[in-house]
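**Student:** build me a structure from this.
(3 chains)
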Amino acid sequence: MPNYTPRQQEAISTLNRNLQIIACAGSGKTQVISQRIIEILKTGVHPSKIIAFTYTEKAAGELQARILKLCKEQLPDTQGIADMYVGTIHSWCLNALQEYKYEYQKFSVLDEIKLKLFVDKNFKQIGMQDLSMERFKDTGRFVALMSLLREAQFHNRDDVPPNLFEALHKYETVLRKHCYFDFTMIMSDAVHCLQSDENFRSKITRDIGYLIVDEYQDVNPVQESIVRELYNLGANICVVGDDDQTIFQWRGSHINYIQQFTTRYDNVHSVTLEDNFRSTNAVVDVAIKSITNNTVRLPKVMNAKGFQQYERGDILYNQFTSVADENAFIIEKINQLRGVAFKDKEDTTERGLNYSDMVVLVRKWKKAEAIVEAFTQAGIPFVITGINNLFQRLEVRASQAIFQYLYNQIDKGVLKDYWQNLSPLITDENLEKGVDFLDKHIANSNSYYERFDFQTFFTDFIDIIGVREDIFPSEEHPEAVGYSTAEVIFYNLGMFSKIIYDFETIYYKSDPLYKIATFLNFLTYSATDNYSEGWLNNTYKTPNAVQIMSIYQSKGLEFPVVFVPGLNKNYLPTKQPGGKQLWHHIDKVLIIDVDRYFPGEEDERRLMYVAITRSKKFLMISRAPDGRQQGKESIFGSEVRKSTYAFSSLDRDYSERAKLPPASSLEIANISLNFSLLKAFFDCPYRFKFESFYGFQSSFGARIGYGASIHHALMEIHREFLEGNIITKEQLPALLQKHLHFPYAIPTIEQSMSDKAEQAVNIYYDSNLNEFKNIEYAEQDIQLDLGDGILVNGKMDLIKKKNQDGTVEKTIIDFKSTEKAQEYLATIDQLQLYALGYKALTGENADFLEIYNLDKNEPYRTELSTKDLDTMKEKIRNSANDIRGNNLEKTCNDPTCACRFKTTKK
DNA sequence: CGATTTGGGCTTTTT
DNA sequence: GCCCAAATCG
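**Tutor:** Numbers count the residues shown, from 1 in each chain, chains lettered A, B, ... in the order given. From the prediction side, this is the model:
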């Protein structure tokens, strides 16, 4: 076991009481939580009894990787680790609802942009009109109001104007009718079930043991209710957080939850981790000089205990007369610090700092614009999320033009110009063919909706006109570090495909003329500020570039070099914005603790604290007067200056420091794959690149939902058998009815598919009834840890275990509802993935792999050879490394392959 | 020094 | 269209 401080040790070993860990910045809290989970496992608790909540998916990935690493070292024989839950509260709620209340299986979650589309489409039914809110104009406010009504707490609900809750009721009813959740509903439904659904409660109780809540300072009232209910059902609770880092209060988190935890829960032991291992004593001192000005905080200190050594000049606080000078200073320091010797850990060798070690933290995105401009001029590579320039790109304008042409807004010549400007290698001849294709589909009211499919229009058109990677420059794109111009264009085309996907999710079935008019409006008014350039979303790759991010986004991260520019009054702390329109619709006085929605100086100081504590060593704070509003120094500037380490120096150039060749940190990024991603990759690496890297989506179709409906029905049948509840043949129709969901089918198609599904399920039931007693697992989660930070997740349809001629025989089964027989061999090969997962789950080898065709009602089975498994393991590892390193095929030369846009077209 | 006019900006983000 | 902070007026 690694060395832990006495305090850390105390936290790790407190297992039989509820626990509050107040962890200051850089105190190794992820390590402590992970080790504590290992200690729980060591007592013999099964992994399924442990739940760990994190705030973001990213944090969940990191925590999971850490736990697996420790587990491998200290408990290598642990089985069923996939049954431990490590993830966000939202997805735990969604999982629980779908696992234990089968009718939720067919539900899906609308993200922000799809929800807006949904609200606008259904604005009459959902009660927007009743609140005198206008379609399109007030959508955002309506959605915010619906969230507030569910996430806030009211002094007395009876005082809230009834029309508000009536609108909420209508809104939720319409969402449910279409089998959609919004993000809040996932949690509020879960709370409701946890409080009043006895069957649900007993199933959760069976699985509950230990609950760990990370970043507890940022939970909101609904999330706190989840924690409270799990506690009531018998969970041992451990909350971890830092009240000084409560920064999301404007979306409902409240500092009281963590500060008063010990009085709100019974038998709580409290541990404070006060040692900061991340930063130099100087960074810690600056942070303390600022945060101690807050009055509302738990009493605690922060001690620098790390190995990073302060050297004079690591921390500068410079004031300039213009923003241009300030930005020039940042650029100068980036260039001077690049190559300065730096040690990541006490026991690693030194390396030269690189661009990717540096971050610029902004309070508002507007501030970033001038920095981006200056960086581009100076040739500093950078990445930024939060600025949505997608629609300024030529390839996106050209894609938009396809639909303008289909609605007769522009003529043929204009459309052709758009594409020819993009690349002179797009020939006139091909463009004519593309236009001919579009002419067959010009919008008119009698087109059959399934033939008026935007995704097909888009992908077919760019295919026909000959858009291929090799017609665009392969040199690095001037603004996208690590990506060629061709790749940037394809990423953005992929993003356009995603836009179509989002739109058609809501509007697929609409009347053609209405659909295209709405789409063009959506592109003009809504999509422009909701989609970023596609290449920015590549999660598999971290380029060597300076990151520009908001302070909020930087939570939980750390960097050797941190820039905090713009330390002006009215910027940090920010000026209170005027005219909060949401409050025109609901009276502030109705809401308990309404002040949290109006952050004040102490809230802003916590942001400043988060910004400072991201730094391991170098911290460059600066300011310059910026216009009338931001002419004066921020109050935080004078606080920071109280630290003797933060002084001004305009000519320090770090030439006295030891230099090494710039090299990025050697930590390999963790990669999380799932079985369907891997299957796609095995099928065709180029198509994988299209779908997973560039983001191209497939089109819908009237028949979508058939396979899923049957799948869900079989899951319920199998699961209930496992529970000892025999579903009778008479119960089948009602059971199936619960799961049928064909969102894009017209009534005739819906009827025929329902009949077909009923037939398939009945036949399956009749011919497999005798087999049900052999089911070992149904819809079982599995997880494969291949080391090197490669993690594969998946779900197996069915596992049977039966006694056959005196030996136990284990079969892994995958259901198929289409009859593409030629895919069988490819798929059965890939079922070896599941065999690996089965071994990780139970420690045993499976004997057979089976694909069960539900349409033909026939199984196709093959014997598993254990020597195949090592080959498969190696194959996955190589694939993961190819994906991580972007060593993907530039082309696909298999003429039978279904992938699109082959560089060499057969 | 208090009252009045003028000018500029209109977050932040997770699921 | 509205609100706040800075500038200017009296």
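**Student:** which neighbouring elements make contact with the helix or strand hosting A:Asp755?
**Tutor:** A:Asp755 belongs to helix A:747-768 when elements are defined using DSSP states H and E. Applying 3 or more Cβ pairs under 8 Å, 6 or more residues apart in numbering; DSSP states H and E, one finds that helix A:747-768 contacts helix A:706-722, helix A:732-739. C-beta coordinates here come from the backbone N, C-alpha and C atoms, glycine included.
**Student:** please repeat the previous calculation with a cut-off of 10 Å.
**Tutor:** Where contact means 3 or more Cβ pairs under 10 Å, 6 or more residues apart in numbering; DSSP states H and E, helix A:747-768 is packed against helix A:706-722, helix A:732-739, strand A:848-853, strand A:858-863.
**Student:** what does the stretch 101-250 of chain A have sitting close to DNA strand B?
**Tutor:** For the stretch 101-250 of chain A, the residues in contact with DNA strand B (Cβ under 7 Å from any atom of the strand) are A:Asp111, A:Glu112, A:Phe183, A:Thr184, A:Phe248, A:Trp250.
**Student:** and chain A, by the same measure?
**Tutor:** A:55-58, A:88, A:90-91, A:111-112, A:183-184, A:248, A:250-251, A:363-366, A:386, A:549-550, A:552-553, A:574, A:576-579, A:599, A:627-629.
**Student:** what's the average pLDDT for stretch A:8-23?
**Tutor:** The pLDDT scores in stretch A:8-23 average 95.
**Student:** up against DNA strand C, what does the stretch 301-450 of chain A have?
**Tutor:** So the stretch 301-450 of chain A never meets DNA strand C (Cβ under 7 Å from any atom of the strand).
**Student:** re earlier: want to throw the helices and strands packed on helix A:747-768 into a markdown table with mean pLDDT?
**Tutor:** Formatted as a markdown table, those follow (pLDDT from 0 to 100):
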| stretch | mean pLDDT |
| --- | --- |
| helix A:706-722 | 92 |
| helix A:732-739 | 94 |
| strand A:848-853 | 88 |
| strand A:858-863 | 86 |
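**Student:** so where do the helices sit in the stretch 501-650 of chain A?
**Tutor:** Along the stretch 501-650 of chain A, counting by DSSP state H, counting those that start in this stretch, helices occupy A:512-521, A:601-613, A:635-640.
**Student:** go on, the stretch 251-400 of chain A?
**Tutor:** Going by DSSP H, counting those that start in this stretch, the stretch 251-400 of chain A shows helices at A:255-259, A:261-264, A:281-291, A:323-337, A:365-378, A:394-406.
**Student:** out of those helices, deepest packed?
**Tutor:** Neighbour counts (mean count of other Cβ atoms under 10 Å) averaged over each of the helices of the stretch 251-400 of chain A peak at helix A:281-291, with a mean of 24.
**Student:** for that helix, the distance to its chain's centre please.
**Tutor:** Mean-position distance between helix A:281-291 and its chain equals 32 Å (Cα atoms, centre = their mean, to the nearest Å).
**Student:** render the CA-only coordinates of it in CSV, please.
**Tutor:** Extracted as CSV, the C-alpha positions of helix A:281-291 are listed here (Å, rounded to 0.1, in the frame of the first residue of the first chain):
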residue,chain,number,x,y,z
ASN,A,281,4.2,26.6,-0.9
ALA,A,282,4.0,29.9,-2.8
VAL,A,283,0.9,28.9,-4.8
VAL,A,284,-0.7,27.7,-1.5
ASP,A,285,0.2,31.0,0.2
VAL,A,286,-1.4,33.1,-2.6
ALA,A,287,-4.6,30.9,-2.5
ILE,A,288,-4.8,31.3,1.3
LYS,A,289,-4.4,35.0,1.2
SER,A,290,-7.4,35.2,-1.0
ILE,A,291,-9.8,32.6,0.3
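**Student:** between it and helix A:601-613, how many degrees?
**Tutor:** 170 degrees (axes from the mean of the first three to the mean of the last three Cα atoms, to 10 degrees).
**Student:** immediately after the least confident helix or strand in chain A by mean pLDDT, which helix or strand?
**Tutor:** Sorted by mean pLDDT, DSSP states H and E, the helices and strands of chain A end with helix A:823-830, the least confident at a mean of 65. Later in the chain than helix A:823-830, the nearest helix or strand by DSSP H and E is helix A:832-842.
**Student:** and A:Gln630, what are its bridge partners?
**Tutor:** Following DSSP bridges, A:Gln630 is listed with bridge partners A:Asp626.
**Student:** for it, which residues are in contact?
**Tutor:** Shown in contact with A:Gln630 (Cβ atoms under 10 Å, 6 or more residues apart in numbering): A:Val323, A:Lys367, A:Gly566, A:Leu567, A:Asn568, A:Lys569, A:Asn570, A:Tyr571, A:Leu572, A:Lys575, A:Arg623, A:Ala624.
**Student:** just the residues you listed: which has the poorest pLDDT?
**Tutor:** Minimum pLDDT across the contacts of A:Gln630 falls on A:Lys575, with 77.
**Student:** list the buried residues for stretch A:600-608?
**Tutor:** A:Glu602, A:Asp603, A:Glu604, A:Arg605, A:Arg606, A:Leu607, A:Met608 (16 or more other Cβ atoms under 10 Å).
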